[in-house]
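J.: sequence unknown, structure follows:
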């Protein structure tokens, strides 16, 4: 039963609970009209303390397509945080107005603080370089749709693996499915944090390798998950400039890949995937964005405990 | 040699690393106690060389869990009728609150000071604790309690 629960970390949901969300998403994709009014009279609050296009708009689109309404703010400057209000106080106020809240915050753990002080479900829409569980639901639904299941494949994850919150959430979530091999491609400085390596991959004895060059492994991958080197996660500009172009996917690299490999990206991209790759049938990142809206529709329904009329 | 009387009933917290008793006094909120407490510093010890001891008289219901996090060498003796009736083995607590601070500059606790600093045990064998908000590990080698 997911009604009334929070989603702060991808591990907050069991594999069975995730599957129930995906099954509902499948039904919504198949027949969206049937779900157009299920959240009538419900309010989603989007509390975004830092910029976002996809995540905030996909939450809002999801709620509007379910017949609900949205309110919120899209930067810390346009909220009482600018006056020094705490996350706790903001959350307790929002809970008086809305039925469910999606929160993004530059500081890690802020949505957890909100959840600990909230009588309404809180969804983590990304917290610093920490976690981004609804992107993970999006990624899992996309892989499941493209491959038919979430087992038995090799996934290459490329780019900023140190600060990329989508990567941390994805590895954690995929670690619970069978026979998945991880190839982690990044500069040494941007490798996955120790807690992901030691407490997830090594502890569960999951096969993984950490390498520096994308070309060396392209032919082995069933999924290639590209990420952006995020400027805002760096403490200094020089490091960012030195590393940002390290890994760019272009047509030449795609010739080395399997014919059925799928390219995913949480978006927005800067230049890590050349525009020329967009027309390749293996490019799945815009489909992925659409799955993101459907999976958020399913998640909102589950956390609110609403069902199809 | 300084003599501190034995207690007839109460708790003796022994084998505290020398110099750490004041911190333990604080974490157990003994500064707010209305019962008798004796803190003895730098006692000669075969095991530790020097150690601190805290004796608490006539009180047995103190939550001592946090001591397992602070120093697992500490021993606890429960005294009744002038005799040790029980020796408690300290276990690592599942969670500690406001004992250590998160060292991650990106953690929400770094900017909102009123949030409780909470760490949960994630690996008992390795005595590993992580911030419940951002997952930052507590490193006893870098952060003094």
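T.: Okay, I see it. Remember, it's a predicted structure, so these values are computed and weren't measured experimentally.

J.: CA atoms for contacts and neighbours, from now on please.
T.: Noted.

J.: in stretch B:16-27, which residues are buried?
T.: Neighbour-count burial for stretch B:16-27 flags B:16, B:17, B:18, B:20, B:21, B:22, B:24, B:25, B:27 (criterion: 16 or more other CA atoms under 10 Å in any protein chain shown).

J.: show me which pair in the residues you listed is furthest apart.
T.: Comparing every pair within the buried residues of stretch B:16-27 by CA to CA identifies B:18 and B:27 as the most remote, at 16.3 Å.

J.: which residue is the nearest non-sequential neighbour of the residue of the stretch 1-150 of chain A at minimum distance from chain B?
T.: In the stretch 1-150 of chain A, the residue that lies nearest chain B is residue A:109 (4.0 Å; CA to the nearest CA). Once flanking residues are discounted, residue A:109 sits nearest to residue B:133: 4.0 Å by CA to CA, 6 or more residues apart in numbering or on different chains.

J.: return the helix or strand in chain B with minimum mean pLDDT.
T.: Within chain B, no helix or strand scores below helix B:66-70, which has a mean of 86 by mean pLDDT, DSSP states H and E.

J.: host element of residue B:52?
T.: According to DSSP states H and E, residue B:52 maps onto strand B:49-57.

J.: list the strands paired with that strand, with their directions.
T.: strand B:10-17 (antiparallel), strand B:37-45 (antiparallel) (DSSP bridges).

J.: and the residue of the stretch 1-150 of chain A closest to chain B, how many neighbours does it have?
T.: Residue A:109: 28 surrounding residues under other CA atoms under 10 Å in any protein chain shown.

J.: same thing with residue B:44?
T.: Count around residue B:44 with other CA under 10 Å applied: 12.

J.: go on, residue A:143?
T.: 19.

J.: how near is it to residue A:281?
T.: For residue A:143, the distance to residue A:281 equals 15 Å [CA to CA, to the nearest Å].

J.: which of the three states applies to the residue in chain B that chain A sits nearest to?
T.: Going by CA to the nearest CA, chain A is nearest to residue B:133 of chain B, at 4.0 Å. The three-state assignment at residue B:133 reads coil, by DSSP: H, G, I helix; E, B strand; the rest coil.

J.: same deal with residue A:142?
T.: Under three-state DSSP, residue A:142 comes out as helix.

J.: residues near it, how many?
T.: 26.

J.: next: residue A:127.
T.: Residue A:127 has 28 neighbours, counted by other CA under 10 Å.

J.: dump the residue contacts of it.
T.: A:104, A:105, A:106, A:107, A:108, A:109, A:110, A:111, A:165 (CA atoms under 8 Å, 6 or more residues apart in numbering or on different chains).

J.: backbone dihedrals for it, please?
T.: Dihedral angles of residue A:127 (phi, psi; degrees, to the nearest 10) stand at phi -130, psi 100.

J.: endpoints of stretch A:261-277, how far apart?
T.: 13 Å.

J.: what does it contact?
T.: Against stretch A:261-277 from outside (CA under 8 Å, 6+ apart): A:54, A:135, A:139, A:146, A:166, A:221-228, A:245, A:247-251, A:254, A:282-285, A:288-289.

J.: mind checking which of the residues you listed land in helices?
T.: If you go by DSSP state H, the contacts of stretch A:261-277 have A:54, A:135, A:139, A:146, A:166, A:251, A:254, A:285, A:288, A:289 in helices.

J.: make a ChimeraX selection of the buried ones in these.
T.: A single ChimeraX command selects the buried members of the ones in helices among the contacts of stretch A:261-277 (16+ other CA under 10 Å):
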select /A:54,135,139,166,254,285,288,289
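
J.: pLDDT and distance to chain B for the ones in helices among the contacts of stretch A:261-277 - can I get that in TSV?
T.: Shown next, in TSV, are these (pLDDT from 0 to 100; distance: CA to the nearest CA, whole Å):
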residue	pLDDT	distance to chain B
A:54	86	23
A:135	96	18
A:139	97	22
A:146	96	32
A:166	90	15
A:251	94	37
A:254	96	36
A:285	97	28
A:288	96	27
A:289	93	27
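
J.: what is the nearest of the ones in helices among the contacts of stretch A:261-277 to residue A:307?
T.: Nearest to residue A:307 among those, counting by CA to CA, is residue A:135 at 23.2 Å.

J.: quick one: the helices in the chain, in order.
T.: Here I'm looking at chain A. Counting by DSSP H, one finds helices in chain A at the ranges A:15-30, A:54-65, A:87-97, A:110-116, A:133-147, A:165-174, A:194-196, A:237-243, A:251-254, A:285-304.

J.: meant chain B, my bad for not saying
T.: Applying DSSP H to chain B gives helices spanning B:21-27, B:66-70.

J.: residue A:62: which of the ones you listed is closest?
T.: Across the helices of chain B, residue A:62 has its closest neighbour in helix B:66-70 (45.1 Å, CA to CA).

J.: contacts only, for the residue lying closest to residue B:55 once chain neighbours are set aside.
T.: Counting by CA to CA, 6+ apart, the nearest residue to residue B:55 once its immediate chain neighbours are dropped is residue B:12, at 4.6 Å. By CA under 8 Å, 6+ apart, the contact set of residue B:12 is B:53, B:54, B:55, B:56, B:76, B:77, B:78, B:79.

J.: quick check: the gap between residue B:12 and residue B:73.
T.: From residue B:12 across to residue B:73, the span is 14 Å (CA to CA).

J.: before we move on, what about residue A:267?
T.: For residue A:267, the distance to residue B:73 - CA to CA - is 51 Å.

J.: residues in contact with residue 71?
T.: As the question left the chain open, I've gone with chain A. Taking CA under 8 Å, 6+ apart, we find residue A:71 in contact with A:43, A:44, A:45, A:46.

J.: that was the other one, I meant chain B.
T.: The neighbourhood of residue B:71, defined by CA under 8 Å, 6+ apart, consists of B:16, B:17.

J.: distance of it relative to residue B:64?
T.: 11 Å.

J.: possible to save the contacts of residue B:12 as JSON lines with distance to residue A:68 and neighbour count?
T.: Below are the contacts of residue B:12 laid out as JSON lines (distance: CA to CA, whole Å; neighbours: other CA atoms under 10 Å in any protein chain shown):
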{"residue": "B:53", "distance to residue A:68": "63", "neighbour count": "22"}
{"residue": "B:54", "distance to residue A:68": "61", "neighbour count": "21"}
{"residue": "B:55", "distance to residue A:68": "62", "neighbour count": "21"}
{"residue": "B:56", "distance to residue A:68": "60", "neighbour count": "22"}
{"residue": "B:76", "distance to residue A:68": "58", "neighbour count": "20"}
{"residue": "B:77", "distance to residue A:68": "61", "neighbour count": "18"}
{"residue": "B:78", "distance to residue A:68": "61", "neighbour count": "19"}
{"residue": "B:79", "distance to residue A:68": "64", "neighbour count": "23"}
